[in-house]
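Chemist: Give the three-dimensional model of this entry:
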Amino acid sequence: MKTRTAFRFLPLLLAGMASPLQAAVLFAENFESRVLGPFVSASESGGDGTDWTDVAPAGWVRNQNATPVGGPAEFFGFTFMDKQSWINTEGNQERALWAGGTGTVMVADPDAYDDGWAGLGGPNFNVNITTPAISLANVSANTVTLGFDSTFRAEGGQTARVDVTFDGNNFVNLITYDSALLQDAEIINTLHSIPVNNPGSGTMQFRFTLTNAGNNWWFAVDNVNVQGTVVPEPSAGLLSLLALGGLSRRRRRA
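Modeler: Alright, predicted model coming up:
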């Protein structure tokens, strides 16, 4: 009778021990781990020897296959630039107005790619970069938020996008900046916090894209941060109580 009375209150005890849902950082990248070298193209100057690299962080995938080869290597696709070196080599042109990016930033700059070459021609600068797969194990559905700083200077028909995929193939658009809908030379200087309708399992990846650009300014990103609500694993003490409760019930049936 004593045992039965004790375990009558087991659900209340377990509820008291259960941890609440917790907001957790699932992924973060500020690009500061990139090892930067000096500018290598004759068109680039004003650096201090730690200026750029095209080596992405582990798991990130760069794609510039739809862009013609021939411009400065420093700006062929999304590359990683010391922000001050990027400002210096391009003569500023309002790049310094970006308050959010610091240190090393991720840059797609078709304006810079066309400099000293003039071979980019029409709107054929088309590049993207995709994050590593980010686990959604123990993450509650529809609780993910994507955060990042960005700057986009609008001109011509260039379009910047950020998309997400949960299966590696089918990308869903989260935001789009279309120069056709923005004032020419407008600066977008934004700290983003974008809700994501994620499933409660599997993985996800984010893709940053700049397309349909010629000699048309830039799209740059820094401080990528992905958060979600995590369901905590049961504690060792909670599992022990569950096991003890099951053992007691078996004994009573016997």
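Chemist: where do the strands sit along the stretch 151-254 of the chain?
Modeler: Listed in chain order, the strands of the stretch 151-254 of the chain (DSSP state E, counting those that start in this stretch) span residues 159-165, 171-178, 187-196, 203-213, 219-230.
Chemist: looking at this, residue 113 is in a strand?
Modeler: No - read with DSSP: H, G, I helix; E, B strand; the rest coil, residue 113 is helix and lies in no strand.
Chemist: The spatially closest residue to residue 197 that is not a sequence neighbour: neighbouring residues, count only.
Modeler: Residue nearest to residue 197 in three dimensions, not counting chain neighbours: residue 142, with 5.2 Å by Cβ to Cβ, 6 or more residues apart in numbering. Heads up, the C-betas are built off the backbone N, CA and C, glycines and all. Residue 142: 13 surrounding residues under other Cβ atoms under 10 Å.
Chemist: follow-up on the earlier one: looking at the strands of the stretch 151-254 of the chain, which is closest to residue 46?
Modeler: Nearest to residue 46, of all the strands of the stretch 151-254 of the chain, is strand 219-230, at 17.1 Å by Cβ to Cβ.
Chemist: Return the list of helices and strands in contact with that closest one.
Modeler: In terms of contacts (3 or more Cβ pairs under 8 Å, 6 or more residues apart in numbering; DSSP states H and E), strand 219-230 is packed against strand 22-29, strand 104-108, strand 144-153, strand 203-213.
Chemist: any idea of the mean pLDDT for the very next helix or strand once past the first one?
Modeler: Scanning forward in sequence from strand 22-29, with DSSP states H and E defining helices and strands, the next element found is strand 52-53. What strand 52-53 shows for mean pLDDT is 98.
Chemist: Show me what strand 52-53 is in contact with.
Modeler: The contact list for strand 52-53 (Cβ atoms under 8 Å, 6 or more residues apart in numbering) reads 34-37, 39, 74, 79-82, 85-86.
Chemist: ok, 6 Å please
Modeler: The contact list for strand 52-53 (Cβ atoms under 6 Å, 6 or more residues apart in numbering) reads 34, 36, 74, 79-81.
Chemist: Most neighbours of all those, which one?
Modeler: Ranked by the number of neighbours (other Cβ under 10 Å), these place residue 81 first, at 30 neighbours.
Chemist: Quick check, that residue in contact with residue 107.
Modeler: Yes - with contact defined as Cβ atoms under 6 Å, residue 81 counts as touching residue 107 (4.8 Å).
Chemist: low pLDDT regions in the stretch 151-254 of the chain?
Modeler: Along the stretch 151-254 of the chain, segments meeting pLDDT under 70 span 184-185, 234-254.
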